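1. I'll drop the sequence and a predicted model, then ask my questions.
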Amino acid sequence: MAHLLNTSFIPTSQPLRRNPTSSAPALISGRRGRAQVQAKIREIFMPALSSTMTEGKIVSWVKSEGDKLSKGESVVVVESDKADMDVETFYDGYLASIMVEEGGVAAVGSAIALLAETEDEIAEAKAKASSSSAAPAAPAPAVAAPEPQPAKIADNVGPAVVPKAAATVASTHPASEGGKRIVASPYAKKLAKDLKVDLGSVVGSGPLGRIVAKDVEAFAAQPTVAVAAEPSVGKSAAAVAAEAGIELGSVVPFTTMQGAVSRNMLESLSVPTFRVGYTITTDALDALYKKIKSKGVTMTALLAKATALALVKHPVVNSGCRDGKSFTYNSSINIAVAVAIDGGLITPVLQDADKVDIYTLSRKWKELVDKARAKQLQPHEYNTGTFTVSNLGMFGVDRFDAILPPGTGAIMAVGSSQPTVVATKDGRIGRKNQMQVNVTADHRIIYGADLASFLQTLAKIIEDPKDLTF
Amino acid sequence: MQASLSLPALSPAVPRPSYVVQSALPLPPSKPINLRFCGLRREALGFSPLGRSDSHRVRLSAPSRSATISASSSSGNGSPPKSFDYDLLIIGAGVGGHGAALHAVEKGLKTAIVEGDVVGGTCVNRGCVPSKALLAVSGRIRELQNEHHLKALGLQVSAAGYDRQGVADHANNLATKIRNSLTNSMNSLGVDILTGVGTILGPQKVQIGSSDKVVTAKDIIIATGSVPFVPKGIEVDGKTVITSDHALKLEFVPEWIAIVGSGYIGLEFSDVYTALGSEVTFIEALDQLMPGFDPEIGKLAQRVLINPRKIDYQTGVFASKITPAKDGKPVTIELIDAKTKEPKDTLEVDAALIATGRAPFTQGLGLENIDVATQRGFIPVDERMRVIDANGKLVPHLFCIGDANGKMMLAHAASAQGISVVEQVTGRDHVLNHLSIPAACFTHPEISMVGLTEPQAREKAEKEGFEVSIAKTSFKANTKALAENEGEGLAKLIYRPDNGEILGVHIFGLHAADLIHEASNAIALGTRIQDIKFAVHAHPTLSEVLDELFKSAKVAHVPSPVSEPVAV
């Protein structure tokens, strides 16, 4: 390429390369869109350094968080498809928050950092950054930012991991001075940072109790939180980790995931929602579950399947309202199921739940949960849901109410199935297992009658579940 | 400049009778010149523009010529009036001594070399050579284990592994091979290899070993080199707390090794150890890693060589105490803050490599007999490598080259200094331009440099009142690098925009160590950017990175008297 550009001996200035001392101006603008609270926090965007550049890699941050910047100063070095260039700021202020770390890649025009006008606004900007979704291509392997569709947080679990908390140390390294010091190998430390694992709570299996990489991986993959379909798994571990990880009296900033949840929850306030509840008898479903449980079928898969089959008949409940002016009828029925994880939550998606058979669906669900725990879910595996199911039944919750994830039309909160004394139509009193479901929906597109008939269909399917197994 | 300099060198001068034999040589040797005349020329001379010395060295390996020369040197014709055993005696048969010996023979000097250990010195036996063998292995295994990289090339390799002993043998065999060829080259040229420790008894007099064998020589070169420097408080046991000497034997590959010092040696070993599966912790006393490198190159190197690998680091800390592993306890490293000296941390690791630099090996040389006081072990010399005694006076007929004088602790620098000394003792004044000596670090990818770093250049510019400009090119724009899928890299040129002088070149990228010579030769020969940019590079080659670098420099238009092409 260079050769082609230099066919003559004339020392032309190279179109590929700029004078290294000159800097490209950073694109900085006020924060756009959304409910805006502060105008004095500006985003620094990935600039387009060449006409062909679509994304840029952050080579290095010249400034660090908290540094004062003056107009024209270099802030960051960006590597485009062709060269490394210094990017400078147009405004005075403070570099409040770096959103794309060194080595990370960001699309042209996406925010890479926040600039606060005064020192006081730094904390504010930081909070903003952690709730922002602007780091889609950050190198961290964690599920991190990209728009998990949260439903309802299983609050009783709490944030399991606080990086600086070292209150209890499980490492048994002999020289760790009774647990005051943590002995971990370099790679283990690196992994812990990437996976947001607190080394203090990892038990080392290396020489003399040293924490090595596989300990961190194992810790990150271990279920720290109860998951919808498997209520008993890891519950105690979660409780222990949660309690060990919290330093009372401290203020702990959101993780990226928690930030995303917070932002989505706020955003949901702009959607007019309403709720419709229904009580469904589950005797038949319980019997079916008992029968096919041995084949690896989970209750979550059964519920998702039933919901999907009901949605087939009520496409409007599976639709979404993107712009406030139209219905977006989704071509497939993707059931997102909320799962609490590591102090946050994520919604693995069972795609085409109406078409996939129950056994495959169950296997798929297991795979998704494993991936979610290992933080290896791909974006399409957690952000393509068209309808969300949140189940707190395993905690004994009999009814609750969910917040609608932005972009979808409805979410269904599922309570526990409990033996209930009921009066039957023929005038007798009997005992039936019943559960309450409560659907929250966007009233711009889904009306009361829509939900009512959807629930009626769902109840029919659950009460006579032969269709679930085909 | 070339023309004007070549004239005195070729101008007829009075040949000493002792060199009559040499007139039979196909190439005329440099003429011995009256020393006072040298003094006058001192200012004018930089690096020899002719580079003749190198061409001689190459030719010397041809058997026919070497026969002629050894005949001449052993014939005894070379003895000056005052009778010496040798014209030149070199203490230390490392790369520096070897380079000097070969050049001395070429110049017709009767030469002996004294070695108290093994021929080849540190470089061949415990340094550059075996480490290159290990790095060759680490580079390959790194490639074979980089699935992403292989996939991008369409390659499929199933799990790559290595056999530690096999790797260690490769390094050892290479050292043996090079050592033998070094020994043979000196033997065949008629250089006497005297075995034993050389001790200077007085002017022009050296005792060999503990025996009463004393040899005299007209000129003596000290080339005793260096040993790994171990700061106090560190106990080296050769097994778990080791220096590069032990590490090169690769007796075991620890799971976790702390490397004290992040210079060349530390960096290269981190490359080897991480490729072989170890995790590494760097302990650096200065505030940043890789302190010797140009900051920009250092930053990029850290991004590529440190951050993505299984390496962590502590900077601004001293290892105040290191205890080897014993009785089931790991290696313990106590760290203190480099500035406040307060205890900072304690590390427990499987092994520790001390790579804190090298200390001159000058003990037992008998320097006290000639009233020379070392400075931190280094032998003080002037710019012509002439040894300076305790009173600041030059010691006649005594020179010191290489690590022992501490000017530039690189094997090839020692060799260049040795050649420079031989030039002087054969009557041609010569001052080596150390800024033209390239250096390389053989990580993957490699780092190389010549001349000044940017901060050094800016400081100099400030003092001397000139402008400094920087030009950079990326390996990303180089076809060959992209073909290899190794686009990560940067070449940086530091130059004077007013006259086109190259002040420094720094390269990080594929084969950087081989690429630097175009720049170092340009500096050595005084070639300016406005001239070298017209030189043609084959396409597509990595050398085009430098081509592009020179072409991108913006030099003010200066009427250049020498840039006009001359028909030959």
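-> Everything's here; your move. Residues are numbered from 1 along each chain as shown, chains lettered A, B, ... in the order given.

2. Isn't B:Glu484 up against B:Leu510?
-> Yes: with contacts counted by Cβ atoms under 8 Å, B:Glu484 reaches B:Leu510, the gap being 6.2 Å. C-beta: built from backbone N, CA, C; applies to glycine.

3. Counting neighbours, go ahead and name the busier of those two.
-> Each of B:Glu484 and B:Leu510 has its neighbours counted (other Cβ atoms under 10 Å in any protein chain shown); B:Leu510 has more, 22 against 15.

4. Looking at that one now. What's its pLDDT?
-> On the pLDDT scale, B:Leu510 is placed at 95.

5. Over to the one 5 residues further on?
-> According to the predicted model, the pLDDT of B:Leu515 comes to 97.

6. With B:Gly500 as the reference, measure out to it.
-> From B:Leu515 across to B:Gly500, the span is 20 Å (Cβ to Cβ, to the nearest Å).

7. next one: B:Ala414
-> With distances taken as Cβ to Cβ, B:Ala414 is found 31 Å from B:Gly500.

8. what kind of secondary structure is B:Phe282 in?
-> Under DSSP: H, G, I helix; E, B strand; the rest coil, B:Phe282 falls in the strand class.

9. B:Asp350 versus that one, what's the distance?
-> Taken as Cβ to Cβ, the span from B:Phe282 to B:Asp350 is 15 Å.

10. same thing with A:Gly200?
-> A:Gly200 is 23 Å from B:Asp350, by Cβ to Cβ.

11. Repeat that for A:Met257.
-> 36 Å.

12. What residue spans form the domains of chain A?
-> Split into domains by the TED database, chain A comes to A:42-130, A:267-463.

13. how about those, which one is nearest B:Glu467?
-> domain A:42-130 (19.5 Å; Cβ to Cβ).

14. Run through the residues of the stretch 451-568 of chain B sitting next to chain A.
-> Contact residues, the stretch 451-568 of chain B versus chain A (Cβ under 8 Å from any Cβ of the partner chain): B:470-474, B:476-479, B:490, B:533-534, B:539-540, B:544-545, B:547-548, B:551-552, B:554.

15. Does A:Val183 touch A:Gly209 like I think?
-> Yes: taking contacts as Cβ under 8 Å, A:Val183 lies within contact range of A:Gly209: 7.2 Å.

16. could you list every residue that touches A:Pro419?
-> By Cβ atoms under 8 Å, 6 or more residues apart in numbering or on different chains, the contact list for A:Pro419 reads A:Arg431, A:Lys432, A:Asn433.

17. let's see it at 7 Å
-> Contacts of A:Pro419 were listed using Cβ atoms under 7 Å, 6 or more residues apart in numbering or on different chains, and they are A:Arg431, A:Asn433.

18. Distance check, it against chain B.
-> Between A:Pro419 and chain B the distance is 55 Å, computed by Cβ to the nearest Cβ, to the nearest Å.

19. Tell me, how many residues neighbour residue 88?
-> Assuming you mean chain A. A:Glu88: 21 neighbours (other Cβ under 10 Å).

20. hm, I was asking about chain B
-> 31.

21. Against which helices or strands is the helix or strand where it lies packed?
-> When elements are assigned from DSSP states H and E, B:Leu88 belongs to strand B:86-91. With contacts taken as 3 or more Cβ pairs under 7 Å, 6 or more residues apart in numbering or on different chains; DSSP states H and E, strand B:86-91 sits against helix B:95-106, strand B:111-115, strand B:214-222.

22. Partner strands of that strand, with direction?
-> strand B:111-115 (parallel), strand B:214-222 (parallel) (DSSP bridges).

23. picking that back up, which of the residues of the stretch 451-568 of chain B next to chain A fall in helices?
-> B:Thr479, B:Glu544, B:Val545, B:Asp547, B:Glu548, B:Lys551, B:Ser552 (DSSP state H).

24. The second one reaches B:Ala477, doesn't it?
-> Looking back up the chat, that one is B:Glu544. No: using Cβ atoms under 7 Å as the test, B:Glu544 is too far from B:Ala477 to be in contact (9.0 Å).

25. neighbour-wise, which of those two wins?
-> More crowded of B:Glu544 and B:Ala477, by other Cβ under 10 Å: B:Glu544, with 24 against 21.

26. Please tell me how far that one sits from B:Val536.
-> Per Cβ to Cβ, B:Glu544 is found 10 Å from B:Val536.

27. How about A:Tyr94?
-> To B:Val536, A:Tyr94 is 51 Å away according to Cβ to Cβ.

28. Repeat that for B:Lys299.
-> 33 Å.

29. For these two, indicate the residue with more neighbours.
-> Between B:Lys299 and B:Val536, counting by other Cβ under 10 Å, B:Lys299 is the more crowded of the two (20 against 7).

30. what secondary structure does the more buried one sit in?
-> Per three-state DSSP, B:Lys299 ends up helix.

31. Any stretches of the stretch 101-250 of chain B with poor pLDDT?
-> By pLDDT under 70, the stretch 101-250 of chain B contains no weakly predicted segment.

32. shouldn't A:Ala413 be in contact with A:Asp398?
-> No: the pair A:Ala413 / A:Asp398 is not scored as a contact, 10.8 Å apart, by Cβ under 7 Å.

33. who's more crowded, those two?
-> Applying other Cβ under 10 Å to A:Ala413 and A:Asp398 shows that A:Ala413 carries more neighbours, namely 26 against 14.

34. list the contacts for that one?
-> A:Lys152, A:Ser390, A:Phe400, A:Asp401, A:Ala402, A:Val437, A:Asn438.

35. buried set for the helix or strand encompassing it?
-> Taking DSSP H and E as the criterion, A:Ala413 maps to strand A:410-423. Residues of strand A:410-423 classed as buried by neighbour count (16 or more other Cβ atoms under 10 Å in any protein chain shown): A:Ala410, A:Ile411, A:Met412, A:Ala413, A:Val414, A:Gly415, A:Ser416, A:Ser417.

36. Relative to A:Thr440, how far out is the fourth one?
-> Computed as Cβ to Cβ, the A:Ala413 to A:Thr440 distance reads 7 Å.

37. on that earlier part again, could you redo the strands paired with strand B:86-91 as CSV and give each row mean neighbour count?
-> Formatted as CSV, the strands paired with strand B:86-91 follow (neighbours: other Cβ atoms under 10 Å in any protein chain shown):
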stretch, mean neighbour count
strand B:111-115, 27
strand B:214-222, 23
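
38. Distance to B:Phe399 for those strands - can I get that in CSV?
-> Formatted as CSV, these follow (distance: least, Cβ to Cβ, whole Å):
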stretch, distance to B:Phe399
strand B:111-115, 13
strand B:214-222, 5
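
39. Quick one, which of the ones you listed gets closest to A:Phe90.
-> Here strand B:214-222 is closest among the strands paired with strand B:86-91 (Cβ to Cβ), at 61.3 Å.

40. contact partners of the closest one?
-> By Cβ under 7 Å, 6+ apart, the residues outside strand B:214-222 that reach it are B:80, B:84-92, B:100, B:112, B:201, B:204-208, B:365, B:379, B:397-401, B:404, B:418, B:421, B:425.

41. which among the residues you listed end up buried?
-> For the contacts of strand B:214-222, buried by 16+ other Cβ under 10 Å: B:84-92, B:100, B:112, B:204-208, B:365, B:379, B:397-401, B:404, B:418, B:421, B:425.

42. Which neighbours do A:Ala413 and A:Thr440 have in common?
-> Common contacts of A:Ala413 and A:Thr440 (Cβ under 7 Å, 6+ apart): A:Asp401, A:Ala402.

43. can I assume B:Val468 is in contact with B:Ala457?
-> Yes: taking contacts as Cβ under 7 Å, B:Val468 lies within contact range of B:Ala457: 5.1 Å.

44. Which residues are in contact with each of the two?
-> Shared contacts of B:Val468 and B:Ala457 (Cβ under 7 Å, 6+ apart): B:Ile494, B:Leu503.

45. Thanks a lot, see you next time.
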